[in-house]
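J.: here is a sequence with its predicted model. Questions after.
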Amino acid sequence: MVMHVTLPDDTELTVPAHATGRDVAETIGPGLAKAALGTVVNGALSDLMSEVPDGAHVRILTKRDDEWIDLARHTLAHVMAQAVREMLVEEGYPPEAAKLAIGPVIEHGFYYDMDLPRPLSADDLPALEERMRAIVKADLGLRTYVLPREEALARYEAAGDPYKTELIRDLPDDEPIRFYEQGGEAGFTDLCRGPHVPSTGAIPPHFKLTSVAGAYWRGDESRPMLQRVYGVAFATADALEHHLWQVEEARKRDHRRLGQDLELFRLDEEVGPGLPLWLPRGAVMVEEIEALAKEMERKGGYRRVRSPHLSKEDLFLKSGHLPYYEDAMYPAMELDDVRYFVKPMNCPFHHKIYDARPRSYRELPLRLAEYGTCYRYEDSGALMGLMRVRSMQMNDAHVYCTEAQFEEEFLAVIDLYKAYFELFGIETYEMRLSKHAEAGLGKKYVDEPELWLRTEAMVRKVLTEHDVPFVEAEDEAAFYGPKIDVQITSAIGREFTLATNQVDFAQPARFGLTYAAEDGTLKQPLCLHRAPLSTHERLIGFLIEHYAGDFPLWLAPEQVRIVPIADRHLGYADDVRAALEAVDLRAEVDARSERMNAKIRDAELLKVPYVVVVGDAEEAAGEVSFRSRREPDGKGVALDAFVEHLREARDARASEIAPIA
RNA sequence: GCCAACGUAGCUCAGCGGUAGAGCAGCCGAUUCGUAAUCGGCAGGUCGUCGGUUCAAUUCCGACCGUUGGCUCCA
């Protein structure tokens, strides 16, 4: 009984039937067998303990291959679970008290979700890590076997483990119920589809437990909260060190830290959670962003409108928001038996503005824009610096158009996204077409099954025909229609949605919006909700991390810091400031009784793009000397030329500045 | 909202049953200096809030508020 496998160089190898990856490696040669850590079978990661199917393409992994570290990460999840169990047993708990849920490999590492008899804290991690290292050092061999479903179930039912039994029950009938065991029966066994390294000794010592967190069983908030321990693991010490360095660097550009250091915003406990205060420097940025958006929208044919911060309940009942989102709205205030709500979005107001008088097809597309101030009662646990807040100002607009105009309007919005991304140097982003799920009709989504399919198809068609790359996401639409979100990863690795764009077929109907068509009949417009710059809060939070606080000239809260060398230069320093302010450049003179070095240092810490130093030489010649975070230092530059140079760079909103001639 | 941790001066942090300390920032004074911290002095805290234990609580316990890491959610 033999079978054949094909190696990467296309040689065919004859091995005994039911041969494992290890058997294949041994057949190739003893040296390889010794170095082998895992396999790739028919393109999928597998391991040495698993049988290889007849006719498979097999590649043996050694530590020269990048892929094998995921095997070690997976085994580390088991090693960690074993360490947790050992620790609890030592504390006097029975072994089955630690119930294991799932322990997958993730980017850079692994985690394991567990239901434990006592809460773990970060203080437990060093001890756990030490136990893990002992298990690695003990070099426990791994083996895998398959059990019949009933036997597997009986095993976990006996231990009273609801998680594994649920997992087993949910496995398809043809899926083998596989176990991995390390260190024999006395060691550690887990229901697992693999793959793993052949023994715990193969795990490189470059791992670290990073955090403990709660996680709902199967991500469902109605189910038990489990304890999740996260770890990272790498093939080399350098890789681990590099990762930890990156984490540290990321921490340094965290917008909350920089927002404080650069005096941009503040979250004050007494004001309320998720209600940021914009400090003067941050407010400058808000206004620059707003000026940018207004300029872009003017060019894009938008008209500006303004709407109140609150309205009567009826408006939100009509829009349909209230039934879906009441929990996430600040509660009603009641006056003279009328309930008012602070607005969580602007669309109902814009619909009313559309409806202010009868509309003609000649007016369409009608694009109404507003930097609307909204309030949402986000879950307390969801709040995070500026990225997730309860008061926000949205770069909002609604485009009302005919179905025939939809394509062009939709693309114009996508182009707007792209123009912004280019301006901010955002290179990696992902467009997501978020669709409804049938099960949610009438609950999460308005109950218009045909309209859903039709709008989704419309959007997909436009994206596809114009080669806009996108992925599709099930069950993530807005309640009134499909949406296009643009996911961005900030410099510190947090992924979140910046731009968003939704197609709304429901609200125009609910508001009875119409326009007189060419043939004199009344038709219903489509509505596009779009917010390419998200909210001020989220965008600026993102930009702080993106630029690490080192903003381009046009965005910098303070553009020029003027440092007089001695008090006798204060007069000239003030002349320089006046010259800059004459063209609306933001400049300040540091008139403190400090040494020049200290003033320069403070300006650098605030990441002021240009520091101008003026002394006797500059004053006599009407010149400036400057140091810049954007270009080589300048000496003896005529004041006029310097002002003009900065004015040009500012007006162009340049992120790169060509050195002054 | 859920699980866990944390909360001491404007900021970063030390202290931890006997009633609070440093550096930076601030204020005052001296210094007037050529590209990342001049020197000296002063002032600043109901130790998140409220309760409990104790002769005594910033320190131990509980609740609440806030923040953080995750989970869930995100019109």
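T.: Nice, thanks for sending it over. These numbers come from a predicted model, not from an experiment.
J.: just to check, residue A:127 is in contact with residue A:90?
T.: No - Residue A:127 is beyond contact range of residue A:90, at 10.1 Å (criterion: CB atoms under 8 Å). Every residue, glycine included, has its C-beta placed from N, CA and C.
J.: ok, those two, which is more surrounded?
T.: The neighbour count for residue A:127 versus residue A:90, taken as other CB atoms under 10 Å, is higher for residue A:127 (12 against 9).
J.: ok but that one is inside a helix, no?
T.: Yes - under DSSP: H, G, I helix; E, B strand; the rest coil, residue A:127 sits within a helix.
J.: so where do the helices sit in the stretch 401-550 of chain A?
T.: Applying DSSP state H, counting those that start in this stretch to the stretch 401-550 of chain A gives helices spanning A:406-423, A:449-465, A:506-510, A:536-547.
J.: note down every partner strand of the strand or helix carrying residue A:59 and its orientation.
T.: According to DSSP states H and E, residue A:59 maps onto strand A:58-61. Here strand A:58-61 has these sheet partners by DSSP bridges: strand A:38-41 (antiparallel).
J.: buried ones in the partner strand, by neighbour count?
T.: Buried residues in strand A:38-41, counted by 16 or more other CB atoms under 10 Å: A:38, A:39, A:40, A:41.
J.: which one among these gets closest to RNA strand B?
T.: Using CB to the nearest atom of the strand, residue A:38 comes nearest to RNA strand B of the buried residues of strand A:38-41, at 27.0 Å.
J.: in this structure the closest one contacts residue A:71, no?
T.: Yes - when contacts are counted by CB under 8 Å, residue A:38 is listed as touching residue A:71 (4.5 Å).
J.: which neighbours do these two share?
T.: A:45, A:47, A:61, A:195, A:196, A:197 (CB atoms under 8 Å, 6 or more residues apart in numbering).
J.: now the residue of the stretch 101-250 of chain A found nearest RNA strand B. Nearest residue, chain neighbours left out?
T.: The nearest approach of the stretch 101-250 of chain A to RNA strand B comes at residue A:214, 2.7 Å away (CB to the nearest atom of the strand). In this structure, residue A:214 finds its nearest non-sequential neighbour in residue A:225, 4.8 Å apart by CB to CB, 6 or more residues apart in numbering.
J.: tell me the contacts of that neighbour?
T.: Contacts of residue A:225 by CB under 8 Å, 6+ apart are A:214, A:215, A:216, A:217.
J.: separation between it and residue A:331?
T.: Going from residue A:225 to residue A:331 by CB to CB, to the nearest Å gives 27 Å.
J.: so the residue of the stretch 101-250 of chain A closest to RNA strand B is in which element?
T.: Residue A:214 belongs to strand A:207-216, assigned by DSSP H and E.
J.: tell me the centre residue of chain A?
T.: Geometric centre of chain A, nearest residue: residue A:495, 0.8 Å, by CA atoms, centre = their mean.
J.: now residue A:318: closest residue in space that isn't a chain neighbour?
T.: Sequence neighbours aside, residue A:510 is the residue nearest to residue A:318 in space, at 5.7 Å (criterion: CB to CB, 6+ apart).
J.: looking at it, the one you found is touching residue A:315, isn't it?
T.: No - the pair residue A:510 / residue A:315 is not scored as a contact, 10.7 Å apart, by CB under 8 Å.
J.: more crowded one of those two?
T.: residue A:315 (19 against 16).
J.: same for the strand holding residue A:214, what does it pack against?
T.: Strand A:207-216 is packed against strand A:109-115, helix A:125-137, strand A:225-233, helix A:237-252, with contacts defined by 3 or more CB pairs under 8 Å, 6 or more residues apart in numbering; DSSP states H and E.
J.: what's the most buried one of those?
T.: Each of the helices and strands packed on strand A:207-216 was given a mean neighbour count from mean count of other CB atoms under 10 Å, and the largest, a mean of 22, is that of strand A:109-115.
J.: can you list contacts of that strand?
T.: Residues outside strand A:109-115 that contact it (CB under 8 Å, 6+ apart) are A:73-74, A:76-77, A:80-81, A:84, A:98-104, A:163, A:207, A:210, A:215, A:217, A:224, A:226-233.
J.: ditto for stretch A:457-474
T.: Outside stretch A:457-474, the residues that touch it by CB under 8 Å, 6+ apart are A:406-407, A:410-411, A:414, A:430-435, A:437, A:482, A:484-485, A:503.
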